[in-house]
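In: please work out how this folds:
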Amino acid sequence: MTERHVVEPIDGRRLGLIALGVLAAAVAVALAVDALVTTDQERVEDIVHGLLGELTTDRIDGVCALLDPAQQPVEIETAGLTTLYDASQDPNARDVLEARVRSALSSYRGVTIRALRQSVVVEGDEARVSLQLVSREGMAQIVASLRKRGDDWLVASAHVR
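Out: Presented below is the predicted three-dimensional model:
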């Protein structure tokens with residue numbers, strides 16, 4: 001003799017609780033995935049935040065890590081003068097650029113830099129960063145464009161006023 005199981009219909013309240021449980025599990029999974037995934041917007045914002053604060057050797061190293069003329073030519077404008085650093089035109093471009101950046105920033109070592117205003121806009125593999133910085137030494141306006149190369153964001157141009 002075959003045993004028969006009778007499936008009882010699920011009442012509306014019980015069905016509602018089951019649906020609520022499934023929805024809660026789906027939301028929990030979505031939140032967990034979102035917490036594990038860092039967007040490009042967040043990555044560029046993290047770069048900016050990492051450059052603020054007391055100017056230390058580590059922060060100067062952080063600036064230099066964003067400059068790689070072999071992967072991304074870099075245009076720097078300061079005091080109305082524009083210089084292009086491109087390793088395809090000058091194999092020493094990275095060393096020259098890094099030396100100039102380190103020299104320019106070394107006199108500010110120990111100074112705390114704060115952002116009065118900042119804006120980060122990421123569109124695809126390009127980002128635009130606008131900063132109004134202040135320290136005891138004065139104020140500066142920096143507008144930079146970054147390009148994504150692989151997993152890294154590199155400076156393509158920086159205009160300092």
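In: now residue 109, what's its secondary structure?
Out: When classified by DSSP: H, G, I helix; E, B strand; the rest coil, residue 109 comes out as coil.
In: surely it meets residue 55?
Out: Yes. In this structure, residue 109 is within contact of residue 55 by C-beta atoms under 8 Å, at 5.5 Å. Any C-beta I mention is one placed from the backbone N, CA and C, and that applies to glycine too.
In: quick one, strands of this protein?
Out: In the chain, the strands defined using DSSP state E lie at 53-54, 74-78, 81-85, 112-123, 126-135, 138-149, 152-160.
In: report pLDDT for residue 52.
Out: If you check residue 52, the pLDDT there is 95.
In: ok, residue 84 next?
Out: On the pLDDT scale, residue 84 is placed at 97.
In: mind listing the residues bridging to it?
Out: Per DSSP bridges, the residues bridged to residue 84 are residue 75.
In: ok, it to residue 77 distance?
Out: 10 Å (C-beta to C-beta, to the nearest Å).
In: just residue 100 next, same as before
Out: From residue 100 to residue 77 the distance is 13 Å (C-beta to C-beta).
In: what's the closest of the strands of the chain to residue 39?
Out: strand 112-123 (7.9 Å; C-beta to C-beta).
In: packing partners for that closest one?
Out: Packing partners of strand 112-123 (3 or more C-beta pairs under 8 Å, 6 or more residues apart in numbering; DSSP states H and E): helix 40-51, strand 53-54, strand 126-135.
In: and those as a markdown table, adding mean neighbour count and distance to residue 161?
Out: Shown next, in a markdown table, are the helices and strands packed on strand 112-123 (neighbours: other C-beta atoms under 10 Å; distance: least, C-beta to C-beta, whole Å):
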| stretch | mean neighbour count | distance to residue 161 |
| --- | --- | --- |
| helix 40-51 | 16 | 17 |
| strand 53-54 | 12 | 22 |
| strand 126-135 | 17 | 10 |
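In: export the ones you listed to TSV and tack on distance to residue 94?
Out: Below are those laid out as TSV (distance: least, C-beta to C-beta, whole Å):
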stretch	distance to residue 94
helix 40-51	19
strand 53-54	26
strand 126-135	21
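In: out of the ones you listed, nearest to residue 118?
Out: The nearest among these, by C-beta to C-beta, is strand 126-135 at 5.0 Å.
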